[in-house]
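Enquirer: got a predicted structure plus its sequence, pasted below:
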Amino acid sequence: LQIVESGGGLVQPGESLRLSCTASEFTLDYDAVGWFRQAPGKAREGVSCIDSRGFAKNYADSVTGRFTISRDTAKNTVYLQIVNLKPEDTAVYYCAARDYVCYEDPSMFHRWGQGIQVTVSS
């Protein structure tokens, strides 16, 4: 069972990115899917999550209004749209899945992607 993130890269402050999370060999339809990030020297933190019913939430005030999570069940993909990127958003972004319900705590998720780098710099 594999989860794969894509869409990261190097961007300038104020620009936008859309990260994608897709699963091979299993459906995400019944899963809660969370996006987490880990900056150098910092703990992994929850960013956004969408549960199996499609309810979405953000976990940090710093991302509210800039990060939007969504899912496309036909493509078995969950997206994280990020606008107005800031240097402090620089981190490795991870996608993870678990049964039904969102949690902010990364330890509650048991299926993880390999992570993708997002760097915001001028």
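Expert: That came through, no problem. Numbering: from 1, shown residues only.
Enquirer: lowest average confidence, helix or strand, in the protein?
Expert: strand 56-58 (a mean of 91; mean pLDDT, DSSP states H and E).
Enquirer: tell me what the helix or strand just after it is packed against?
Expert: Per DSSP states H and E, the first helix or strand lying C-terminal to strand 56-58 is strand 67-72. Helices and strands touching strand 67-72, by 3 or more C-beta pairs under 8 Å, 6 or more residues apart in numbering; DSSP states H and E, are strand 31-38, strand 45-50, strand 56-58, strand 77-82. Glycine gets a C-beta too; all of them are placed from N, C-alpha and C.
Enquirer: can you put the ones you listed in a markdown table and add mean neighbour count?
Expert: Output for these, formatted as a markdown table (neighbours: other C-beta atoms under 10 Å):
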| stretch | mean neighbour count |
| --- | --- |
| strand 31-38 | 24 |
| strand 45-50 | 22 |
| strand 56-58 | 17 |
| strand 77-82 | 22 |
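Enquirer: sounds good, over and out.
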